[in-house]
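> A predicted structure for the sequence below; I have some questions about it.
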Amino acid sequence: MSKESRARVIFNGRVQGVCFRINARDTARRLGVKGWVRNLSNGTVEVVAEGDKAVVEELIAWCTHEQPMARVKGKTVKWEDPEGEEGFNIH
């Protein structure tokens, strides 16, 4: 049986103004991950993702290495207890 997980990820690098949020949302929805993504005032992007841990990890890896125009220089991942997110949205 799969284990539901929640990750809060801060991505830094060239991650704003490059469609990072739209691409993350579309990929999360394709993978069936719930949560949200938003720009932060310090130039980073925050992603909160819930779902099967392996699938959440797949989304994190995709955001890190496969974003078409973004250049992720680093990320911080914090694992949390799931909160029951609905859908995947841009905030």
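Perfect, I can see it now.
> Please count neighbours and contacts with C-alpha atoms only from this point.
OK.
> quick one: what helix or strand has residue 49 in it?
With the criterion set as DSSP states H and E, the secondary-structure element containing residue 49 is strand 45-52.
> how far off strand 45-52 does whatever helix or strand comes next after that strand point, in degrees?
Sequence order places helix 53-65 as the next helix or strand after strand 45-52, per DSSP H and E. With axes from the mean of the first three to the mean of the last three C-alpha atoms, to 10 degrees applied, the angle from helix 53-65 to strand 45-52 works out at 150 degrees.
> What is the strand holding residue 49 packed up against?
The criterion is 3 or more C-alpha pairs under 8 Å, 6 or more residues apart in numbering; DSSP states H and E, and the helices and strands that strand 45-52 contacts are strand 4-14, strand 34-39.
> Buried residues, it. List them.
Taking 16 or more other C-alpha atoms under 10 Å as the neighbour-count basis, strand 45-52 is seen to contain the buried residues 45-52.
> any idea of the mean pLDDT for that strand?
When pLDDT is averaged over strand 45-52, the result is 98.
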